[in-house]
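# model the structure of this input:
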Amino acid sequence: MRLGFVGTGTIASAVVRGLAGAGHRIAVSERSAAHSSALAAEFPDVVVADNQSVVDASDIVFLGLLPEAAPAILSPLKFREGQQVISFMAGVTMGELSGLVAPATASALMLPFPGIAQGGSPILAMGDVALVASLFSPENAVFPVSSPEELDAYVCAQAVLSPAVAMVGAAGQWMAAKGVDPQAGEAFLRALVGSSLLASECAPMIEALNTPGGYNQRLRQHMERAGMADALGEGLDALSKP
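Below is the predicted model of the structure:
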């Protein structure tokens with residue numbers, strides 16, 4: 001496919017890396033020159049061009065702009081009928097996207113994560129989910145989202161990643177204080193938590209880890225008594241749109 005990227009920041013660069021080498025022709029905009037030049041140097045199927053040239057050369061255009069900057073950047077560009085546009089712009093609705101890219105088709109809102117560069121990453125998609133899946137599956141897991149409210153819930157809940165990582169890091173530091181090699185301890189915990197979460201849904205895993213008096217049960221109950229679940233719920237509520 002002929003793919004174009006208007007806005008080439010960190011996330012858009014990760015998406016390009018996930019697509020490069022799959023037979024596509026990819027054009028990336030000069031915005032974020034450090035990213036775009038690095039991509040062109042790394043992949044022979046990636047070229048750098050100005051925004052209008054990216055649009056002209058592409059059948060599917062990805063938008064990785066800051067929402068507040070998008071109107072000024074997109075309004076001078078001439079899109080065409082038959083083009084499909086996929087947006088990474090958080091907070092921009094399908095209706096707003098349609099107005100920004102007419103007469104092209106606002107096909108999908110997509111929320112990728114940095115892991116898309118290597119594959120094996122979740123992707124949130126609203127709109128033409130089949131189009132997103134055709135580009136990124138089966139290397140990644142595409143999760144369809146049906147409404148702005150559902151998207152908001154996903155976006156808020158994905159923030160659990162940071163405290164989960166912080167907890168693993170803190171446990172690794174605790175191990176280091178007990179004399180364990182810091183790198184080995186953290187690597188062990190990352191492998192344990194990551195592989196376990198991929199292998200099982202949470203409820204049956206909790207049950208399997210619920211041996212009476214066992215280490216997992218005792219630590220989980222300690223954390224629950226300390227208010228872990230309540231603090232998590234309060235934090236997610238604070239993130240969610242009213």
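# show me where the protein has helices.
In the chain, the segments counted as helices under DSSP state H are 10-19, 33-42, 51-56, 70-74, 94-101, 129-136, 148-157, 161-177, 182-199, 202-208, 215-225, 228-239.
# including mean neighbour count, could those helices go into a markdown table?
For every residue, glycine as well, the C-beta is placed using N, CA and C. Output for the helices of the chain, formatted as a markdown table (neighbours: other Cβ atoms under 10 Å):
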| stretch | mean neighbour count |
| --- | --- |
| helix 10-19 | 21 |
| helix 33-42 | 16 |
| helix 51-56 | 19 |
| helix 70-74 | 16 |
| helix 94-101 | 17 |
| helix 129-136 | 18 |
| helix 148-157 | 15 |
| helix 161-177 | 13 |
| helix 182-199 | 13 |
| helix 202-208 | 11 |
| helix 215-225 | 12 |
| helix 228-239 | 11 |
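# how far away is the spatially most central residue of the chain from Gln158?
Centroid check for the chain by Cα atoms, centre = their mean gives Phe113 as the closest residue, at 2.0 Å. Distance of Phe113 to Gln158, computed by Cβ to Cβ, to the nearest Å: 8 Å.
# so which of the helices of the chain comes closest to Ile26?
For Ile26, the closest of the helices of the chain is helix 10-19, at 6.1 Å, according to Cβ to Cβ.
# what's the closest one packed up against?
When contacts are defined as 3 or more Cβ pairs under 8 Å, 6 or more residues apart in numbering; DSSP states H and E, helix 10-19 sits against strand 2-6, strand 25-29, helix 33-42, helix 129-136.
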